[in-house]
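Chemist: My questions are about this predicted structure, shown below with the sequence.
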Amino acid sequence: MEFLDFYGNKLIFTLVLFAFIIITRTIVFSTINKIASKWGRLHTRTAFVKKFINYLFAFLLIVFLPLLWGFQPKDVGLFLSSIFAVIGVAFFAQWSILSNITSGIIMFFSFPYRIGDFIKIHEGEEDSIYGYIEDIRTFQVIIRGLDDKITTFPNSMMLQKGISILKEENIESLKRKIAKKEEEDSKTSEDSASI
């Protein structure tokens, strides 16, 4: 009985915290599912975003649960700052990985291109990348070129480069232009071989 008298309020607040997190998580996941179906996002991309939302809720539990049970904020702050110091060093060493993951989450909510779209990544006239978006993963976008070559492009770079969605008529003219350029290149190599 003493246990319930002493810890009763803390148990109730803990149950309320868990209920709040479960309800909020359900609402957030429902919103993510609606966005994914509205914008035609793949299940793997949706699962990726949900995983990071789960990490966020776990972090909230790690912060608020000790405070509910009577730990002093300075003790919790010291514990969290120690953890963040270790994590910060690890992420600083792998900054590009962190930026690609963050870019992947941003692309889920605001990326105007879908899997199957034919795009041009502007890298200058000669070096531009053309192809169909085959997959959008945690760290990179997979692009299949007209020659069936696979190119991976980092998520963070997709947010930094100019990208155009090309229509079918543009794709056909591009195929003709590539075929003409290959023909000219083969003639040039034949001419240089004959000299």
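Modeler: Looks like it came in fine. Residues are numbered from 1 along each chain as shown.
Chemist: Now the residue nearest the centre of the chain: closest residue in space, sequence neighbours ignored.
Modeler: The residue at the geometric middle of the chain, judged as the C-alpha nearest the mean C-alpha position with C-alpha atoms, centre = their mean, is residue 104 (1.4 Å). Taking C-beta to C-beta, 6 or more residues apart in numbering, and ignoring the residues beside it in sequence, residue 104 has residue 155 as its nearest neighbour in space, at 4.7 Å. Where you see a C-beta, it was placed from the backbone N, CA and C, and this is true even at glycine.
Chemist: does the residue nearest to the centre of the chain really touch residue 135, like I thought?
Modeler: No - when contacts are counted by C-beta atoms under 8 Å, residue 104 is not listed as touching residue 135 (11.7 Å).
Chemist: what do those two both touch?
Modeler: Common neighbours of residue 104 and residue 135 are not found (criterion: C-beta atoms under 8 Å, 6 or more residues apart in numbering).
Chemist: Skip ahead from the longest helix seen in the chain and say which helix or strand is next.
Modeler: In the chain, ranked by residue count with DSSP state H as the criterion, the top helix is helix 2-39. Heading C-terminal from helix 2-39, the first helix or strand you meet, by DSSP states H and E, is helix 43-68.
Chemist: Return the list of helices and strands in contact with that following helix.
Modeler: Helices and strands touching helix 43-68, as assessed by 3 or more C-beta pairs under 8 Å, 6 or more residues apart in numbering; DSSP states H and E, comprise helix 2-39, helix 73-93, helix 95-110.
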